[in-house]
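> could you work out the structure for the sequence below:
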Amino acid sequence: MRVFLILLLLFPVIELAVLIKVGSMIGVLATLLLIVGSAILGAMLLRVAGVTTALRARERLARGETPDREMLEGLMVAVGGVLLMLPGFISDVIGLFCLLPITRGLVIDRLRSRVHEQAARQRAFSDDPEAQMRSGPARPNVIEGEYEKRDN
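As a prediction, this is how the structure comes out:
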């Protein structure tokens with residue numbers, strides 16, 4: 001958690017340093033045009049990708065399948081579009097990695113395999129009697145008895 005916090009605090013500083021370095025190399029006007037152009041590209045991608053992802057998810061739902069891959073791809077495209085809209089070149093590079101189909105597929109496949117591994121790990125310990133005793137009984141308490149129906 002500390003590493004994430006440190007990276008979160010250092011990211012704007014590093015982004016600003018890269019922005020200044022690129023601005024000194026190619027000029028202020030070219031740097032501003034690149035930043036504005038990437039923001040416009042990110043906004044367009046968010047609009048187009050959102051609609052296409054929704055359509056693909058609707059098609060999968062109509063076939064009776066879960067649209068998990070489409071939802072993850074839509075999320076990756078949304079993150080990539082937002083990163084392109086942020087001013088800076090490091091966020092643009094990370095955003096482009098989120099938008100490229102090859103890297104997006106690799107990240108999604110890796111994420112899905114980790115989710116399946118985690119689910120398998122949880123299922124492996126679900127039959128553990130000690131874990132059930134710690135978490136309490138899995139079934140509700142049932143009081144057995146007999147009854148007799150009487151008409152008044």
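> burial count for residue 58?
By the other CB atoms under 10 Å criterion, the neighbourhood of residue 58 contains 12 residues. C-beta coordinates here come from the backbone N, C-alpha and C atoms, glycine included.
> which residue packs closest to residue 90, ignoring adjacent ones?
Beyond its immediate neighbours in the sequence, the residue positioned closest to residue 90 (CB to CB, 6 or more residues apart in numbering) is residue 15, lying 5.3 Å away.
> can you name every helix or strand that the helix or strand encompassing that neighbour contacts?
When elements are defined using DSSP states H and E, residue 15 is found to belong to helix 2-26. Counting by 3 or more CB pairs under 8 Å, 6 or more residues apart in numbering; DSSP states H and E, the packing neighbours recorded for helix 2-26 are helix 28-62, helix 89-99.
> including distance to residue 75 and mean pLDDT, could those helices go into JSON lines?
Written out in JSON lines, the entries for the helices and strands packed on helix 2-26 read as follows (distance: least, CB to CB, whole Å; pLDDT from 0 to 100):
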{"stretch": "helix 28-62", "distance to residue 75": "9", "mean pLDDT": "86"}
{"stretch": "helix 89-99", "distance to residue 75": "9", "mean pLDDT": "91"}
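> format these as JSON lines; extra columns: distance to residue 6.
Listed next are the helices and strands packed on helix 2-26 as JSON lines, based on distance: least, CB to CB, whole Å:
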{"stretch": "helix 28-62", "distance to residue 6": "26"}
{"stretch": "helix 89-99", "distance to residue 6": "16"}
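> wait, which of those is closest to residue 74?
When the helices and strands packed on helix 2-26 are compared by CB to CB, helix 28-62 sits nearest residue 74, at 3.3 Å.
> ok, back up a step: pick the most buried one from the helices and strands packed on helix 2-26.
Each of the helices and strands packed on helix 2-26 was assessed for mean neighbour count using mean count of other CB atoms under 10 Å. The highest is helix 89-99, with a mean of 18.
> for it, which outside residues touch it?
Counting contacts by CB atoms under 8 Å, 6 or more residues apart in numbering, the residues outside helix 89-99 that touch it are 11, 14-15, 18-19, 22, 34, 38, 42, 45, 76-77, 79-84, 86, 103-104, 107.
> just after that helix, pick out the following helix or strand.
Past helix 89-99, the next helix or strand by DSSP H and E is helix 101-124.
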